[in-house]
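# sequence and predicted structure are below.
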Amino acid sequence: MSTSGFVYNGRATRVVFGSGSRVHLERELLALGVKRALVLCSPEQHALGASLAEQLGSRSADLFDRAAMHVPIELALEARTVAASTNADCILAVGGGSAIGLAKAIALESSLPVLAVPTTYAGSEMTPIYGLTEAGLKRTGTDIRVLPKTVIYDPDLTLTLPVGMSVTSGINAIAHAAEGLYSRDANPLTSLMAEEGITALSRSLPNIVANPGDRSARADALYGSWLCGAVLGSVGMALHHKLCHTLGGSFNLPHAPTHTIVLPHALAYNAEAAPDAMKRIARAVGHENAAQGLFELARANGAPVALKEIGMREDQLDQAADISCSNAYWNPRPLERDAIRALLQRAFEGSAPSP
Ligand SMILES: NC(=O)C1=CN([C@@H]2O[C@H](COP(=O)(O)OP(=O)(O)OC[C@H]3O[C@@H](n4cnc5c(N)ncnc54)[C@H](OP(=O)(O)O)[C@@H]3O)[C@@H](O)[C@H]2O)C=CC1
Ligand SMILES: O=C(O)/C=C\C(=O)CC(=O)O
């Protein structure tokens, strides 16, 4: 990494981190200068959303408990109407990328400040990136208004995240940092965060698998996901994220498991073109080879390693390769359609990664 010249996009988010830190919710609303929060969560996390709303008492404007993956536009419109009708002056999202994504959809139009309480490792809370899905097509964009103003990381709230989801969500976070290390915009600060984030997650995920109630491992994982999310929020991504958006958006594959399966293969594809990044990823994973190290991290911790295990059909691979190469975007190694098709075949079968 050259220190001769770079641009660093520092993002201004206040972070409150620690076991039990949800108790600071009211203090943080006051620090934001707001009075009434609309609380958002998914239907399954209703009890958690309701308990935060209850904790806020009269500072809770309402609870909207219908957040869903990839933010369908109809849902965004409805949530925006609820936010306006309750006179909320702030959005409080508790949950994973789905709840936080819905908060961003409201903020995009209303400019209401977002306070996020993440319970997965996806990292959306640290980024100005939003996604909206309309007529089966997901579009993403960047707007600084959607970046949460405050994030409360309370590892206690992640204790219920199932082990399988913890592993794939953690590797979703690692993917942000891994691509951040070879990003065209990589700089010394984001690379420090990326390496530290991968180290924390590679260390903590096996401990969570061994003991899902291990609070110190849960805190370590959430710390790693914060750093990896911050990298996603600061620098551009490349082939890996494009492949995952294609597989999720056009073939409806689940977000975090898709990241987990594709990442070793995308890294193997880029390995020769990004040797310094690979060294740092390998060091962080504790393996001599970055791609193989991540393949083994997933496999050893019970995560899926084959796209065929999560709903992909082999006859869809050609189309996936075509879509992934359809719009030009930067990647350390030029996009080669046949090599990407071969990458997808290996990911489909769950074979070991190879260049
Ligand atoms: N804009 C950005 O920068 C980013 C956006 N994203 C977006 O976020 C979404 C993916 O985020 P992700 O967090 O994986 O997805 P979700 O928010 O859908 O959460 C994933 C799973 O975790 C479960 N879960 C969450 N919290 C808990 C908890 N406390 N206890 C038990 N289970 C829990 C959810 O269960 P349940 O269904 O029960 O709630 C769900 O099954 C995608 O739409 C992705 O595109 C991801 C990363 C960055
Ligand atoms: O699709 C979005 O909502 C925005 C970014 C991401 O999902 C990043 C990722 O692929 O994890």
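Perfect, I can see it now. Ligands and ions are numbered 1, 2, ... in the order given.
# quick one: strands adjacent to the lowest-mean-pLDDT helix or strand in the chain?
The least trusted helix or strand in the chain, going by mean pLDDT, DSSP states H and E, turns out to be strand 137-142, with a mean of 89. The strands that strand 137-142 pairs with in its sheet are strand 129-134 (antiparallel) (by DSSP bridges).
# what's in contact with the strand it pairs with?
Outside strand 129-134, the residues that touch it by C-beta atoms under 8 Å, 6 or more residues apart in numbering are 70-73, 76, 101, 104-105, 108, 138-143, 146, 232-233, 249. (C-beta placed from N, C-alpha, C; glycine too.)
# sorry, back to before: contacts for the least confident helix or strand of the chain, please.
In contact with strand 137-142 (C-beta under 8 Å, 6+ apart) are residues H70, P128, I129, Y130, G131, L132, T133, H245, G248, G249.
# tell me, how many residues neighbour the nearest residue in space to the last one that is not next to it in sequence?
In this case it means G249. In space, and not counting its chain neighbours, G249 is closest to K138: 4.5 Å by C-beta to C-beta, 6 or more residues apart in numbering. Neighbour count for K138, taken as other C-beta atoms under 10 Å: 17.
# in the chain, which spans are helices?
With DSSP state H applied, the chain shows helices at 25-32, 46-56, 73-85, 97-110, 163-181, 188-210, 215-234, 239-251, 255-270, 275-285, 290-300, 317-324, 337-349, listed in chain order.
# what's the spacing between stretch 130-141 and its chain's center?
Distance of stretch 130-141 from the chain centroid (C-alpha atoms, centre = their mean, to the nearest Å) equals 16 Å.
# keeping just the C-alphas, turn that stretch into PDB.
Extracted in PDB, the C-alpha atoms of stretch 130-141 (Å, rounded to 0.1, in the frame of the first residue of the first chain):
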ATOM      1  CA  TYR A 130     -29.100   2.000   0.100                       C
ATOM      2  CA  GLY A 131     -30.900  -0.700  -1.900                       C
ATOM      3  CA  LEU A 132     -34.500  -0.700  -3.200                       C
ATOM      4  CA  THR A 133     -36.300  -3.500  -5.100                       C
ATOM      5  CA  GLU A 134     -38.900  -2.700  -7.700                       C
ATOM      6  CA  ALA A 135     -40.500  -5.100 -10.100                       C
ATOM      7  CA  GLY A 136     -37.900  -7.700  -9.300                       C
ATOM      8  CA  LEU A 137     -35.000  -5.400  -9.900                       C
ATOM      9  CA  LYS A 138     -32.800  -4.200  -7.100                       C
ATOM     10  CA  ARG A 139     -31.100  -0.900  -7.500                       C
ATOM     11  CA  THR A 140     -28.500   0.400  -5.200                       C
ATOM     12  CA  GLY A 141     -27.300   4.000  -4.700                       C
END
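# got the buried residues for it?
Neighbour counts using 16 or more other C-beta atoms under 10 Å place Y130, G131, L132, T133, K138 of stretch 130-141 among the buried residues.
# any idea how far the residue in the stretch 151-300 of the chain that ligand 1 sits nearest to is from I91?
Closest residue of the stretch 151-300 of the chain to ligand 1, C-beta to the nearest ligand atom: T160 (3.6 Å). According to C-beta to C-beta, to the nearest Å, T160 stands 23 Å off from I91.
# same check on M312?
35 Å.
# please apply the same query to T127.
For T127, the distance to I91 equals 16 Å [C-beta to C-beta].
# run through the bridge partners of the closest residue to ligand 2 within the chain.
Using C-beta to the nearest ligand atom, the closest approach of the chain to ligand 2 is made by G131 at 2.7 Å. Here G131 sits in beta bridges with T140, as judged by DSSP bridges.
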